[in-house]
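A.B. asks: Any chance you can model this:
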Amino acid sequence: MSAGLHRFTVLQRLLHWVMAVCILAMLFIGVGMVSTVMPKYLTLVSIHKPLGAAILVLALIRLAVRLRYGAPPLPADLPAPMKLAAIGSHYALYALMIAMPLLVVLYAGWHLPAILPQSDSLHTLLWNAHFYLAFAFFALILLHVAAALFHALVRRDGVFQTMASVAIDDQLTPAQRGHQPA
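C.D. replies: Model (predicted):
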C-alpha cells in the first residue's frame with residue numbers, strides 16, 4: 001500500500017467500476033443460463049464465455065495496476081479483524097476473478113490454453129467448481145458491497161471515498177468531507 005495515496009488512481013477506479021458492471025452482468029447471465037433449457041440458453045452462453053475472458057484480461061490488468069500503484073491505507077482505527085477481512089476478501093476477489101474464467105472453454109475454435117488433460121470426469125469437476133465458485137463469488141460480492149456501505153454510512157471513515165467515482169477535493173479537511181480522520 002502506498003502511504004501517500006489518498007484515493008485509488010483514476011485508472012484503478014475506472015477498472016473497478018467497469019469490472020463491477022461486467023461481473024454483475026456475468027452473474028445474472030450465469031443464473032439465466034443454468035435456469036433455462038430454452039433456445040436463449042445458447043445466446044446466454046455465447047455472451048457469458050467471452051465476457052468471462054474479458055473479465056480475466058481486465059482482472060490481470062487491474063492486478064498489475066494495483067501492484068504498480070498500491071492502495072490507500074486503511075484507517076488506523078480500523079479493528080484488526082476488519083483489516084484482516086478487508087485484505088483477505090480482496091485476495092479472494094482477485095483469485096476468483098482470475099480462476100473462474102480459466103475453468104471454461106470460450107467457444108468453438110477459441111480456447112484458453114489447456115491447463116489439464118481433456119477428460120469427461122475432469123470437465124464435470126471443473127464445471128461443478130465453476131458453478132459453486134460462482135455462488136461463493138456472489139456471496140463475496142455481497143459482503144464487499146455491505147462493507148462499502150458500512151464504511152460510507154456507518155463509520156464514515158473515508159474508505160468508500162477512495163473508490164468513489166466522483167472526484168473529491170483532497171484539499172478539504174476530514175471534517176469538511178464529512179468523515180472522521182483516517
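A.B. asks: before we move on, which element is Ala86 in?
C.D. replies: helix 80-102 (DSSP states H and E).
A.B. asks: buried set for the following helix or strand past that helix?
C.D. replies: Following helix 80-102 in sequence order, the next helix or strand is helix 120-149 (DSSP H and E). Going by neighbour count (16 or more other CB atoms under 10 Å), the buried part of helix 120-149 is Leu126, His130, Leu133, Ala134, Phe137, Phe138, Leu140, Ile141, His144, Ala147. All C-beta atoms are positioned from the backbone trio N, CA, C, and that covers glycine.
A.B. asks: how far away is the closest residue to Ile61 other than its chain neighbours from Val145?
C.D. replies: With sequence-adjacent residues excluded and distances taken as CB to CB, 6 or more residues apart in numbering, Ile61 is closest to Leu15, at 6.6 Å. Distance check for Leu15 against Val145: by CB to CB, to the nearest Å, it reads 17 Å.
A.B. asks: returning to that earlier point: remind me what the helix holding Ala86 packs against, helices and strands.
C.D. replies: helix 40-69, helix 120-149 (3 or more CB pairs under 8 Å, 6 or more residues apart in numbering; DSSP states H and E).
A.B. asks: where in this structure is pLDDT low?
C.D. replies: Scanning the chain for pLDDT under 70 picks out 1-4, 105-116, 166-182.
A.B. asks: One more pass at 90, please.
C.D. replies: 1-6, 33-43, 45-46, 49-50, 53, 101-128, 131, 164-182 (pLDDT under 90).
A.B. asks: Nearest residue to the middle of it?
C.D. replies: The centroid of the chain falls nearest to Leu93 when counting by CA atoms, centre = their mean (5.1 Å).
A.B. asks: hmm, back to that, among the helices and strands packed on helix 80-102, which comes closest to Ala25?
C.D. replies: Each of those has some distance to Ala25 by CB to CB; the shortest is helix 40-69, at 6.8 Å.
A.B. asks: Could I get the buried residue list for the closest one?
C.D. replies: Buried residues in helix 40-69 (16+ other CB under 10 Å): 44, 48-49, 51-53, 55-56, 58-59, 62, 65-66.
A.B. asks: starting at the chain centroid, how far to the helix holding Ala86?
C.D. replies: Centroid separation between helix 80-102 and its chain, computed with CA atoms, centre = their mean, to the nearest Å, is 8 Å.
A.B. asks: cool, stretch 12-29 as well?
C.D. replies: With CA atoms, centre = their mean, you get 7 Å for stretch 12-29.
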